[in-house]
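# Need the 3D shape of this:
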Amino acid sequence: MAAYKDEARGTWYVSFHYNDWTGKNRRKLKRGFRTRKEALEYEQKFRLQQATNLDMNFADFYKLYEDDMKPKLKLNTWRTKAVIFEKKLIPYFKDKKMNEISHADIIKWQNEMIKYRNDGKPYKGVVGEGL
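Here you go, the predicted model:
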């Protein structure tokens, strides 16, 4: 990864190659960053979005998901999703890589969610159980 100073404009830019979804090699040029750090962060984020593998942790995946989905959804729909992710999913899966999350991990998470609510009391059972 490299960022370059545009002396004429006094800003930073990134220029790099990547493979698009069809497998073609493409060049990406993005200008106008105030700092080198901003330019490098843009390149890293862009490469993660273009990557076809899920070798990133859950919290980073959520950031990409948010950037992609938030503009497409109504505000209240997004708020509901955000609460579920931020209060229930991210605390449990945040450091786990997406490609390492297994069915067993999800079942274990579901059982934890059923066991405890926010106030520490267990959820009520499914209607019809134990009646």
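# which helices and strands sit right next to the strand or helix carrying residue 41?
If you go by DSSP states H and E, residue 41 is part of helix 36-50. Helix 36-50 sits against strand 3-6, strand 11-19, strand 25-33, helix 58-69, with contacts defined as 3 or more C-beta pairs under 8 Å, 6 or more residues apart in numbering; DSSP states H and E. From N, CA and C alone the C-beta is placed, and that goes for glycine too.
# Report the buried residues of the first one.
For strand 3-6, burial by neighbour count (16 or more other C-beta atoms under 10 Å) applies to residue 3.
# That strand pairs with which strands, and in what direction?
strand 11-19 (antiparallel) (DSSP bridges).
# If I take the partner strand and strand 25-33, what angle do their directions form?
160 degrees (axes from the mean of the first three to the mean of the last three C-alpha atoms, to 10 degrees).
# re earlier: do you know which of the helices and strands packed on helix 36-50 lies nearest residue 96?
helix 58-69 (5.6 Å; C-beta to C-beta).
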